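1. Here is my input, please return the structure:
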Amino acid sequence: MPDKPIRLLTYNVHSCVGTDRKLDPGRIANVIAEAEADIVALQEVDVGRRRTGGVDQAHMIASLLKMQAHFHPALSIAEEQYGDAIITALPTGAVKAGPLPSIGETRGALSVEIMVGERKLLVVNTHLGLRGRERIQQMTTLLNSGWLRGTTEESIPSVLCGDLNAIPASATYRLAARSLKDAQLTGAAAPRATFPSRYPLMRLDHIFVSHQLTVKKATVLETRLARIASDHLPLLADIGFSDP
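-> Numbers count the residues shown, from 1 in each chain. Down below sits the predicted model:
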């Protein structure tokens, strides 16, 4: 029996503040629930921040979805945190989190080993910086310093995803595309932009997979709810394991 594909979603949630300026983590959870994702990578998540009511958005969204959250604060000011999360109901193993070389706002990455049946999948979630040179350094760090554990045959099948702030013509994107496959280029459908959510013009959010994985389908969620819940649209990919 063929393995059922794993559905992975990456989503910059803009601190759960929508394009209508409403703060609503429940709405973000609804967008994710509609997508029926198994693994969710979130960027721009607020935890304990006054500006968003002091809520732990990562755990709130996870509990609404009956999942578990792993959160990494790229930025911490006293009790207030802001960063990236990976949420899933699947069993998880090793977690790695840390900063990336940053010029402006501090950026980081979060990786979680996830058990998919008998197999291990490594998911790395990140939100790269706004300057080109900074993004190249950050991507080089992710590709070369053990975040993705190399791309040898025996390494764990891996996904690198998130808001890379990089369009496909950029040097950062090309760097990732050298050793990983862009999920949006593997299907029959033309790639879709993810930002801004109301009138998407730019493909800034990406899912890249290692050679041990196949992408069955990749789509950008353009539902009415997704267009107002955040300023980015979620990107969704159905991923399977290539036969060993």
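
2. Please make it C-alpha for all contacts and neighbour counts, starting now.
-> Noted.

3. ok, A193 touching H206?
-> No - counting by CA atoms under 8 Å, A193 does not reach H206; the two are 9.9 Å apart.

4. Mind checking which of those two has more residues around it?
-> Between A193 and H206, counted using other CA atoms under 10 Å, H206 has the larger neighbour count: 28 against 20.

5. For that one, give me its contacts.
-> With contact set as CA atoms under 8 Å, 6 or more residues apart in numbering, H206 has these partners: T10, C161, G162, D163, L164, D182, A183, Q184, L235.

6. what do you get if the cut-off is 7 Å, keeping everything else the same?
-> C161, G162, D163, L164 (CA atoms under 7 Å, 6 or more residues apart in numbering).

7. Give the closest residue to the last one in space, chain neighbours not counted.
-> Ranked by CA to CA, 6 or more residues apart in numbering and with sequence neighbours excluded, the top spatial neighbour of L164 is L128, at 4.9 Å.

8. Run through the helices of this protein in chain order.
-> With DSSP state H as the criterion, the chain has helices at 25-35, 57-64, 132-144, 171-179, 224-229.

9. In a markdown table: those helices, plus mean neighbour count.
-> Shown next, in a markdown table, are these (neighbours: other CA atoms under 10 Å):
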| stretch | mean neighbour count |
| --- | --- |
| helix 25-35 | 19 |
| helix 57-64 | 20 |
| helix 132-144 | 18 |
| helix 171-179 | 16 |
| helix 224-229 | 21 |
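
10. I'd like to know which of those helices is closest to S197.
-> Among these, the nearest to S197 by CA to CA is helix 224-229 (5.0 Å).

11. Output the below-cut-off pLDDT ranges for the protein.
-> Within the chain, the stretches with pLDDT under 70 are 1-3, 145, 149-154, 188, 244.

12. swap the cut-off to 80 and go again
-> Low-confidence regions of the chain, defined here as pLDDT under 80, cover residues 1-3, 145-146, 149-154, 187-189, 243-244.

13. mind listing the strands in it by residue range?
-> Along the chain, the segments classed as strands by DSSP state E run 6-12, 39-47, 68-77, 80-88, 92-100, 107-116, 119-127, 158-163, 181-182, 205-209, 213-220, 235-241.
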